[in-house]
Every structure is written in C-alpha cells, then in structure tokens.
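Q: Structure here, sequence nowhere to be found:
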Ligand SMILES: NC(=O)c1ccc[n+]([C@@H]2O[C@H](COP(=O)([O-])OP(=O)(O)OC[C@H]3O[C@@H](n4cnc5c(N)ncnc54)[C@H](OP(=O)(O)O)[C@@H]3O)[C@@H](O)[C@H]2O)c1
C-alpha cells in the first residue's frame, strides 16, 4: 500500500475538520466523498481535491478504490453505515460515539473480525502527543500511584430541538457526544473495568441527557467525570498521584499541552509541541500505520476499550431509564 485511500461519508462539520488533517498527511489521500446530497459531495470533493464524489453512501462502499471509510454522520446512523461498509469489505474509522450501545458495537466488532477488517472508533484524544506524554509520565512513576482523576467536558449549546445534540432519534444527549471523552480519559489511565460506577443525569424535555456526572471506583483510586451541554465549566483534567499531579488545561481532550507538578505543587515539566495540523492527524497516522502493517486493531485504541466505555454508558442509561428510539 502506497498511500491510504480514504472515502468519507456524511461530510458535515467534523468531516471538514478531519479532511484538513487528512490532506496534510503524506501517508494518506482523500479519494472519495459521499453525501445524501450530491451537490454537497461535489463541493467537498472540490475543496479537498477528492477524485470521486457520490450522492449516496452505498456507491462509495462499493468503490474498489477505497481502502478505508471514515464515517462522520450523526451517532444513530453509525451502526447501519459501519455495517454496510464492513459488509462491502471496507476498513472503517467511525466517529465517536461509535454506536448507540454496546450490543450494536459487539455486532460490528464481530463482523470486522469475521471479515478480517480494521475497525476503530475515532477517539482522537488517545493519540494526541500530550496525552501520550502524560501516560509515559505515569508509567515512569513521576506522580506515584494514581489516586484521583477529574475530567469534564461541558459545552454551552444553544437549545435547538432540531440539533442532533438534543434529538433522541439521532442519538443525542451529552454522554454520547461529550461524556465519552472524560470516561475514556479516566478508563485509559485507571482501567476499563471500574469495580463500581455511580452516575446521575438531568434528562431534558427532548428526552436526552442534558447534564451527567459519573464516579468510577477502582481499588485505591476513583475518577469523577462530568459532561453537559446546558452549562460550561473550565473543561480541564487532572490526574492526581501520591507524588504529584498532571494537569491538562481547558479543552483537555484536544490540548497540545500537558503539565507535570511535583508533590509540592511546583511545575517540573511542561510538554508543549504544537499540533502538526489540528490534532486529528495523530489518529490518521495511527490508521495509516495499522493498515500498512496489516493490523486489524489499534493497540492504543483496541475495540475492547471502546466496548467497555459503551457498557458503562449503557448501564448508566439503564439506571436513568433513558432509551434511544429504535433501541
Ligand atoms: N471527533 C470530534 O472531535 C468530533 C467533533 C464533533 C462531532 N463529532 C462526531 O461526529 C459525528 C457528526 O457530528 P457533526 O457535528 O459533524 O454532525 P453534523 O454536521 O450535524 O452532520 C454530519 C452529517 O451527518 C448527516 N446527517 C445530519 N443529520 C442527519 C439526519 N437527520 N439523518 C441522517 N443523516 C444526517 C449529514 O450527512 P450528508 O452530508 O450525507 O447529508 C451530515 O453532513 C457525531 O457522531 C459526533 O459525535 C466528533
């Protein structure tokens, strides 16, 4: 494989950001794009110099020139689209949250394995150099034993009952849109199997979760994760250990900066390389590496991690009595 040839489906807001990073990566090329609206596909193809554009997704799935499909649609669509892509023999990178629930994801995971295809949730945070550096600091014992994690993702989103965020039928709600980041952050450091999870949510008038809080319990440690889109906090994250702490400043999940403090609160190291493009390039580099090496899963973001976070979210929604349309 020379360059990885990508096909993007559902070219909306995130697809645009992703395409900027993709077009800057030497190991990839944007080959095709598909939208339900062919004019939109054509415009996107022109903007990013894609060779082909389609007015339906199926034609892209059947295009023999596509090595991997990037799914950038709204969450409720991911399951059926990822299934079609895999059934057509395509590798898949799917936006977060990858599916509405763990049952849907399990089916896709099994399908990808059966067909020997690459499949990954686009949890770009895990590939960011600042996040990788923090993990190195922890593994090197720089903060001692991790005792406590605090991570929030809140975003003041104006109420609009037609916006996917507020719509139950599109898989809206704050845990699938925002909470997946702090939960993944905590799990990637303390483990994907907390022995107990407590949660609370405010379910708003459009029957999705507008605000939610989680406490994840581990032997000798716990994590607090908040998310919500009718209020906005600083959205920093802290990893607090017995000998120091690590801080990520505002918008922790996309930051290029990690700060290391000793037990006296003195800053001892600041890791701050600017992103090559906009931060999405690091997950793209990982996909390129996996495909070139014939790997079907990323070691940094294997499917079992994604499944565990989905199970935490499923259990929380069950406690709150919240189901999505069609579930
Ligand atoms: N990684 C990140 O940082 C990040 C950031 C934001 C969002 N996301 C994730 O990316 C996904 C898309 O988010 P977005 O904000 O980019 O969404 P968006 O712009 O609202 O929509 C993306 C695309 O989804 C399709 N779509 C929209 N409404 C639909 C509907 N009612 N029924 C069927 N398809 C519909 C459209 O595709 P067509 O062009 O084909 O019509 C649209 O272009 C979500 O899963 C979200 O969680 C990730």
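A: Cool, got the structure. This is a predicted model, so every value here is computed, not measured. Numbers count the residues shown, from 1 in each chain.
Q: which residues in this protein form helices?
A: Using DSSP state H, the helices of the chain run over 13-23, 38-47, 57-62, 75-87, 102-115, 129-139, 174, 180-190, 281-292, 303-320.
Q: Pull the residues that contact the longest one.
A: When contacts are defined by Cβ atoms under 8 Å, 6 or more residues apart in numbering, helix 303-320 is touched by residues 97-99, 101-102, 105-106, 109, 112, 119-121, 123, 175-176, 179-180, 183-184, 187-188, 192-194, 197, 199, 201, 203, 209, 212, 214, 216, 297, 323. For glycine as for every other residue, the C-beta is placed from the backbone atoms N, C-alpha and C.
Q: what about that helix, near the ligand?
A: No - Helix 303-320 lies apart from the ligand when judged by Cβ under 6 Å from any ligand atom; the minimum separation is 13.0 Å.
Q: could you check the angle helix 102-115 makes with that helix?
A: On the basis of axes from the mean of the first three to the mean of the last three Cα atoms, to 10 degrees, helix 303-320 is oriented at 160 degrees to helix 102-115.
Q: can you check the first one too?
A: Counting by the same axes, to 10 degrees, helix 13-23 lies at 30 degrees to helix 102-115.
Q: which helices and strands does helix 13-23 pack with?
A: strand 4-9, strand 28-34, helix 38-47, strand 68-71, helix 281-292 (3 or more Cβ pairs under 8 Å, 6 or more residues apart in numbering; DSSP states H and E).
Q: which residues are contacting that helix?
A: Taking Cβ under 8 Å, 6+ apart as the rule, helix 13-23 contacts 6, 8, 11, 28, 30, 33, 44, 47-49, 70, 72, 95, 122, 277-281, 284.
Q: Among those, which ones lie close to the ligand?
A: By Cβ under 6 Å from any ligand atom, the members of the contacts of helix 13-23 lying near the ligand are 11, 72, 95, 122.
Q: give the contact list for the residue nearest to the spatial centre of the chain.
A: In the chain, the C-alpha nearest the mean C-alpha coordinate belongs to residue 123, at 2.7 Å (Cα atoms, centre = their mean). By Cβ under 8 Å, 6+ apart, residue 123 lies in contact with 96, 180, 184, 283, 301, 306.
Q: follow-up on the earlier one: would you format the helices and strands packed on helix 13-23 as a markdown table with mean pLDDT included?
A: As requested, the helices and strands packed on helix 13-23 are exported to a markdown table (pLDDT from 0 to 100):
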| stretch | mean pLDDT |
| --- | --- |
| strand 4-9 | 98 |
| strand 28-34 | 98 |
| helix 38-47 | 98 |
| strand 68-71 | 98 |
| helix 281-292 | 98 |
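Q: On the pLDDT front, check residue 1 for me.
A: Per-residue confidence (pLDDT) for residue 1: 68.
Q: For the stretch 51-200 of the chain, which residues are neighbours of the ligand?
A: Residues of the stretch 51-200 of the chain lying near the ligand (Cβ under 6 Å from any ligand atom): 72-75, 77, 95-96, 122, 124, 164, 170, 177.
Q: Tell me the one among these nearest to residue 139.
A: Of all those, residue 139 sits closest to residue 124, with 21.2 Å by Cβ to Cβ.
Q: Derive a ChimeraX selection command for the buried subset of the contacts of helix 303-320.
A: ChimeraX command restricting the contacts of helix 303-320 to the buried ones, with burial defined by 16 or more other Cβ atoms under 10 Å:
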select :97,98,99,101,102,105,109,112,119,120,121,123,175,176,179,180,183,184,187,188,192,194,197,199,201,203,209,212,214,216,297
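Q: Nearest approach to residue 2 belongs to which of the helices of the chain?
A: When the helices of the chain are compared by Cβ to Cβ, helix 281-292 sits nearest residue 2, at 9.5 Å.
Q: What residues sit buried inside the closest one?
A: 281-288, 290-291.
Q: Give me the contact list for that helix.
A: With Cβ under 8 Å, 6+ apart as the test, helix 281-292 has contacts from 1, 4, 18, 21-22, 24-25, 27-28, 67-68, 91, 93, 118, 120, 122-124, 126-129, 275-276, 295-298, 300-301.
Q: What is the neighbour count of the residue in the chain that the ligand sits nearest to?
A: Taking Cβ to the nearest ligand atom, the ligand has its nearest neighbour within the chain at residue 12, 2.4 Å off. Neighbours of residue 12 under the rule other Cβ atoms under 10 Å: 15.
Q: what do you get for residue 46?
A: Neighbour count for residue 46, taken as other Cβ under 10 Å: 11.
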